[in-house]
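*Asks:* Build me a model:
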Amino acid sequence: MPDYPRRVSPHRPTRVVVLISGGGSNLAALLTASDDPAYGVEIVGVGADRHSAAGLALAGDRGIPTFVERVGDHAERVDFDRALTAQVAALEPDLVVSAGFLKLVGADFLAAFEGRYLNTHNSLLPAFPGMQAPADALAHGVKIAGATLFVVDEGVDAGPILAQTAVPVLDDDDLDTLTERIKVAERAQLVEVVGRLAREGWRVEGRRVLIG
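*Replies:* Numbers count the residues shown, from 1 in each chain. Sure, this is the predicted structure:
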C-alpha cells in the first residue's frame, strides 16, 4: 500500500459517491485505496443505472449503501436526472466520481454538483471524445494515446481537465491490447488523483483545475 502524505485542507472531499454501469474495476481500485485511512477518502455510496452492474456487489459486501436509478423507470429524461440528483445528494458527498457510468447527466445534477463531478475518459482529450476513443485513435494512426480525468460540464467529454496520462501506441497494437493498456493507466491515474483531491483540496478556475 502506498505511503500517502497526510495533509489537511478546508476543501478536503472525504465523502465520495461513485457511479457505475458495469463490473466496477475502477470502483474496486478506489475501494482498495480507501482501505488506507491515509488515502483520505470515504466512499459513502455507490449508484448504478442498471441492476446488473456487478460493482454493486463490491460495495454491498463492504456495507456501503447502494442504489439503482434506471432511465427506463422515468417518463422523461429530466425526471431521471432529478431522481439521480436526489439519490446522490441524500448521501451528502463532497465529490462524485463516474467510474464507468454510461449515462449523461442533466442540468439538475450538474447544478447540484458543479465542480465536484469527475469522469474519466480513455483518450487524451480534447482528442477523440465519445464512446469509441481507442478505435478512433488507432484509425487515426496516433503514436500516443492515453486517458483523461476531467470535471464534467454540460458538454460531452469537454470539461476542465484534472489530469492526463499517456500510453504509447505500439506498432502491433490492436483494439484489445491498446484498450487494456489504457484501462490500466486510467485506473492508476483515477486512484492517484482522487486521493490527492481528498488530501489537498482543489478549485476550478475557468478551464484550469488547481490542486492544493
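
*Asks:* SS state for residue 134?
*Replies:* The three-state assignment at residue 134 reads helix, by DSSP: H, G, I helix; E, B strand; the rest coil.

*Asks:* I'd like the distance between it and residue 97.
*Replies:* With the distance defined as CB to CB, to the nearest Å, residue 134 ends up 21 Å from residue 97. Bear in mind the C-beta positions are built from the backbone N, C-alpha and C, glycine included.

*Asks:* Between those two, which has more neighbouring residues?
*Replies:* Ranked by neighbour count (other CB atoms under 10 Å), residue 134 and residue 97 place residue 97 first, with 28 against 24.

*Asks:* Output the contacting helices and strands for the host helix or strand of the more buried one.
*Replies:* Residue 97 is part of strand 95-98 when elements are defined by DSSP states H and E. Contacts defined by 3 or more CB pairs under 8 Å, 6 or more residues apart in numbering; DSSP states H and E place strand 95-98 against strand 15-20, strand 117-121, helix 175-200.

*Asks:* Past the last one, which element shows up next along the chain?
*Replies:* The helix or strand immediately downstream of helix 175-200 is strand 202-205, counting by DSSP H and E.

*Asks:* Buried residues, that following strand. List them.
*Replies:* For strand 202-205, the neighbour count (16 or more other CB atoms under 10 Å) marks 202, 204 as buried.

*Asks:* and if you look at stretch 50-70?
*Replies:* Neighbour counts using 16+ other CB under 10 Å place 50, 53, 55, 56, 58, 59, 64, 66, 67, 69 of stretch 50-70 among the buried residues.

*Asks:* Secondary structure and pLDDT for those residues - can I get that in CSV?
*Replies:* Converted to CSV, the buried residues of stretch 50-70 look like this (DSSP: H, G, I helix; E, B strand; the rest coil; pLDDT from 0 to 100):
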residue, secondary structure, pLDDT
50, coil, 95
53, coil, 94
55, helix, 93
56, helix, 95
58, helix, 94
59, helix, 95
64, coil, 97
66, strand, 97
67, strand, 97
69, coil, 96
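
*Asks:* Spit out the contact partners of the closest residue to residue 58 other than its chain neighbours.
*Replies:* Once flanking residues are discounted, residue 58 sits nearest to residue 24: 5.3 Å by CB to CB, 6 or more residues apart in numbering. Shown in contact with residue 24 (CB atoms under 8 Å, 6 or more residues apart in numbering): 46, 53, 54, 55, 56, 58, 99, 100.
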